[in-house]
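Asks: Here is the input, now give the coordinates:
(one chain, ligands or ions: 1)
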Amino acid sequence: MRTVRVTGASLTAGGADRVVVEGQFAKSNSPRTEVVITGLPDAVIRESRGRLLCALRETRLQRGGGRFFLNLVPAARPKSGEVLDLPLVLAGAGAVGHLDQEALSGTLFLGEVGIDGALHEVPGGLAAALAARRAGLTSLLAPPRTAREAAFVPGVEVLEATHLSQVIAHLSPQGKKLTPLELPDLEPTAAGTKHLDVVRGQAVAKHALAVAAAGGHGLLMVGPPGAGKTLLARALLDLLPPPSIEERLELAAALSASGRWPGSLPEQRPFRSPHHSTTHAGLVGGGNPLAAGEITLAHHGVLFLDELPEFRREVLEGLRQPLEAGEICLSRAGRQARLPAQFQLVTAMNPCPCGYHGHPRIPCHCAPQAVRRYRQRISGPLLDRIDLRLEIPPTPLEALAPITPSKPSQSEPCAKELLGMVECAHRLRSKRDQTRTNAHLQGNALDRFSPLQGEGRRLLAHAVERRGLSARAVQSLRRVARTLADLEGQERVVANHLAGALALRAPVD
Ligand SMILES: [Zn+2]
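Replies: Sure, this is the predicted structure:
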């Protein structure tokens, strides 16, 4: 009995996995034809049996009775959805001898097949094209809209067809060949520094944003309502380098697989700011079926958590593993997904329940215990992963007035200067033999890239005594000091950088 193999894909929460359909056909004397599908198909795939037979008859590929065996590989992983229709039909057509294995190899097929043989669009075109590229396949064939989405992936030739008969013709030696789609324009438009330009005053905060952008450090801002914390969080995006094409493809994969394809590759890094009432599944992903959470939607961008003490503790605990690993592993009812979640964490909170503790003009009415309790609500392990902690002063009255030519603001670092410093820091780091950002430095790597010597060691010892800093806090200060040296274009970390790091660590707990 002849066996053919056709490659397709199954969608997951964060992308697509390659699936191979193995097809065989056993002829029988009975006029009846049946289809058996094995390899953990879901209800939609099982239902495709009827469509498959109709489509094969419609295109005159199958005559006489018998039994189709179609097996989905790998067998242990559940597969779902109508995206496998086309590979199932082609495996059937191959099994009865209408298509050669050679013609079927090297291409990933994707699409729903109607009972008349028409092909219908499915979600996941781009995610499937990435899966095809990972598997070393050179082309992908899908219905038009799905194919247009796939065409954004460089390195995979994409073909589109509207009817099964076109696919069969393309795969037959004498048939009419389909023409590959052109690669769309992938150049992003320049993002600019639109948020940073609007921030008035806040020189320290702007400097801290440059540190965060250069070293990948987490940031906590403590300040009264209206101090501009959200705007500052958004301004971090302005200081991050524009996303590379590969980063944009990774960003788009989760959107593609969940059917939320925006029509072209995202141009900017994402900024996600979930409400404090968000659930664990909403933040890190989960649910049934498994869906990506905010941390995956913030991949390669910024995750902003405003009013940090209001988030439920167990929800925030879910951030620890992805902050360490840059990805999240989800599992539910035998399904597993490993989703990317490499995001930069920016958080903000009021100094007290009413928001005006320490404010120069508005009185605070909170009892001292209430202020302490409020601050202690933030989870310690999460706080450990936030290197930069900043008190954001209320916006001074003069900064609220529009800047006029007669009154230029000279003390503020301009966006261009900050961008230049961040670029310099990235260049310096890329010259070192350092695989991850400064925010991830620990153990030997920290000793090597941010050694503690002489004056710096004395300064830290003094700070430990005076402020009661933990060993974790000292490591955090050394990471930030490395970034401060990078921003100045200096190879060596000196006492000055550690002093700068101490200034960027306000006592909040
Ligand atoms: Zn208060």
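
Asks: What's the end-to-end length of stretch 480-498?
Replies: This stretch, stretch 480-498, spans 8 Å end to end (C-alpha to C-alpha, to the nearest Å).

Asks: roughly how far out does stretch 413-420 sit from the chain middle?
Replies: 27 Å (C-alpha atoms, centre = their mean, to the nearest Å).

Asks: again, but for stretch 388-397
Replies: That offset, for stretch 388-397, works out to 30 Å (C-alpha atoms, centre = their mean).

Asks: Mind listing residues that contact that stretch?
Replies: Identification of contacts with stretch 388-397 by C-beta atoms under 8 Å, 6 or more residues apart in numbering yields 200-202, 204-205, 208, 211-212, 217-224, 226-229, 232, 348, 351, 358-361, 480, 504-508. The way it works is simple: take the backbone N, C-alpha and C, and place the C-beta from them, glycine included.

Asks: So which elements touch the one helix or strand Arg372 maps to?
Replies: Element membership for Arg372, per DSSP states H and E: helix 368-376. Counting contacts by 3 or more C-beta pairs under 8 Å, 6 or more residues apart in numbering; DSSP states H and E, helix 368-376 packs against no other helix or strand.

Asks: Show me which residues of the stretch 251-400 of the chain sit near the ion.
Replies: Contacts of the stretch 251-400 of the chain with the ion, taken as C-beta under 5 Å from the ion, map to 352, 354, 357, 364, 366.

Asks: ok, Ala103 touching Ala169?
Replies: No: Ala103 is beyond contact range of Ala169, at 11.0 Å (criterion: C-beta atoms under 8 Å).

Asks: how close does Leu209 get to Ala463?
Replies: Per C-beta to C-beta, to the nearest Å, Leu209 is found 24 Å from Ala463.

Asks: So between these two, which is more surrounded?
Replies: A count of neighbours by other C-beta atoms under 10 Å puts Leu209 above the other of Leu209 and Ala463, at 30 against 19.

Asks: Mind pulling up the pLDDT for the residue nearest to that one when sequence neighbours are not counted?
Replies: Leaving aside its sequence neighbours, Leu209 sits nearest to Leu236 (C-beta to C-beta, 6 or more residues apart in numbering; 5.1 Å). Looking at Leu236, its pLDDT is 95.

Asks: Phi, psi for Leu236 please.
Replies: Main-chain dihedrals, Leu236, degrees, to the nearest 10: phi -60, psi -40.

Asks: before we move on, what about Val73?
Replies: Dihedral angles for Val73 - degrees, to the nearest 10 - are phi -120, psi 140.

Asks: pretty sure it contacts Thr38?
Replies: No: in this structure Val73 lies outside contact range of Thr38 using C-beta under 8 Å: 9.9 Å.

Asks: Mind giving me the ChimeraX select for the contacts of stretch 388-397, buried ones only?
Replies: Those of the contacts of stretch 388-397 that count as buried under 16 or more other C-beta atoms under 10 Å are selected in ChimeraX with:
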select :200,201,202,205,208,211,212,217,218,219,220,221,222,223,224,227,228,229,232,348,351,359,480,504,505,508
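
Asks: tell me which residues in stretch 251-259 are buried?
Replies: For stretch 251-259, by 16+ other C-beta under 10 Å, it's 251-258.

Asks: my bad, should have said stretch 165-182
Replies: 165-168, 170-171, 178, 180-181.

Asks: Distance from it to the middle of the chain?
Replies: 36 Å.

Asks: Give me the helices and strands touching the host helix or strand of Glu102, please.
Replies: Assigned by DSSP H and E, Glu102 belongs to helix 101-104. Helices and strands touching helix 101-104, by 3+ C-beta pairs under 8 Å, 6+ apart, are strand 4-11, helix 85-95.
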